[in-house]
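**Student:** 3D, please:
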Amino acid sequence: MDITAEILEKSVAGIPFGDAWPFTGSTTSDIDGYHKRMIAHLERSRRIKVRRHSDHYGSGYASYIHLLVYERDGRSTHDRGAFDEIVGLNLYLSRLSPFGVYGPGFESKSKDGRAGSHNYIEMSTLYRLPEGDWEDFLGEVKCKLTDSGIVFPSSDHLSTPLPVKLDILTIWDPPYSVFDAIFYWTD
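**Tutor:** Residues are numbered from 1 along each chain as shown. Sure, this is the predicted structure:
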């Protein structure tokens, strides 16, 4: 699917776009159900564990669902003294289109559960992997997602400056790229 100026305008306006169901002629609940089935498909793997960040990070609006996927066997979880850390892949699955992206991800939580942090996908980390051997794991994740209809636009395309002037209500500062118009968060 070509990412046209019209598509970018729809994305920034929060209007679903795509050339297949559930992103054409469906409801928000249809799209939510599609994502729930996709996440369940990932979770059925003996290898993949999924952590879903709270919807819209607990406030505002995110145009994507943020998942951290990591090895189920425990090799991704590290005891760092006062906190535990999970290393894996961040996945963003668009709420408005069949697009997905990934990058290295981590999440940390204090042992008492009172504090935590995680990282985001940015253009500088787009389609990169965490340190170590993640190629086979990524292959399984991508296979399951592409089987579900997810498309991974090229980093060259996503890094392209916007072809039209758009006001994106986001926490990030301009200049904006195609990536920013598809995967944005407003608080």
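
**Student:** what's the lengthiest helix in the chain packed up against?
**Tutor:** The longest helix of the chain (DSSP state H) is helix 28-43. The contact analysis (3 or more C-beta pairs under 8 Å, 6 or more residues apart in numbering; DSSP states H and E) places helix 28-43 against strand 48-52, strand 64-71, helix 135-147. No exception for glycine: its C-beta is placed from N, CA and C like everyone else's.

**Student:** Can you say which of the ones you listed is nearest to F17?
**Tutor:** Among the helices and strands packed on helix 28-43, the nearest to F17 by C-beta to C-beta is strand 64-71 (13.8 Å).

**Student:** Now the closest one: average pLDDT?
**Tutor:** For strand 64-71, the mean pLDDT works out to 95.

**Student:** so how far is it off the chain centroid?
**Tutor:** 7 Å (C-alpha atoms, centre = their mean, to the nearest Å).

**Student:** what lines up beside that strand in the sheet?
**Tutor:** strand 48-52 (antiparallel), strand 83-94 (antiparallel) (DSSP bridges).

**Student:** can you tell me which of these comes nearest to W185?
**Tutor:** strand 83-94 (10.0 Å).

**Student:** got the buried residues for that closest one?
**Tutor:** 86-94 (16 or more other C-beta atoms under 10 Å).

**Student:** Stretch 32-43 too?
**Tutor:** Buried-residue list, stretch 32-43, by 16+ other C-beta under 10 Å: 34-35, 38-39, 42.

**Student:** follow-up on the earlier one: contact partners of the longest helix of the chain?
**Tutor:** 16, 21-23, 48-50, 52, 65, 67, 69, 93, 95, 141, 144-145, 147-148, 150 (C-beta atoms under 8 Å, 6 or more residues apart in numbering).

**Student:** now stretch 143-161
**Tutor:** With contact meaning C-beta under 8 Å, 6+ apart, stretch 143-161 is reached by 1, 3, 20, 34, 37-38, 41-42, 45, 48, 91, 93, 98-102, 123, 126-127, 142, 175-179, 182.

**Student:** So among those, which ones count as buried?
**Tutor:** By 16+ other C-beta under 10 Å, the contacts of stretch 143-161 give 3, 34, 38, 42, 45, 48, 91, 93, 98-102, 126, 142, 176-179, 182 as buried.

**Student:** how far away is the residue lying farthest from the centre of the chain from K111?
**Tutor:** Distance from the centre of the chain peaks at G81, with 28.9 Å (C-alpha atoms, centre = their mean). To K111, G81 is 8 Å away according to C-beta to C-beta, to the nearest Å.
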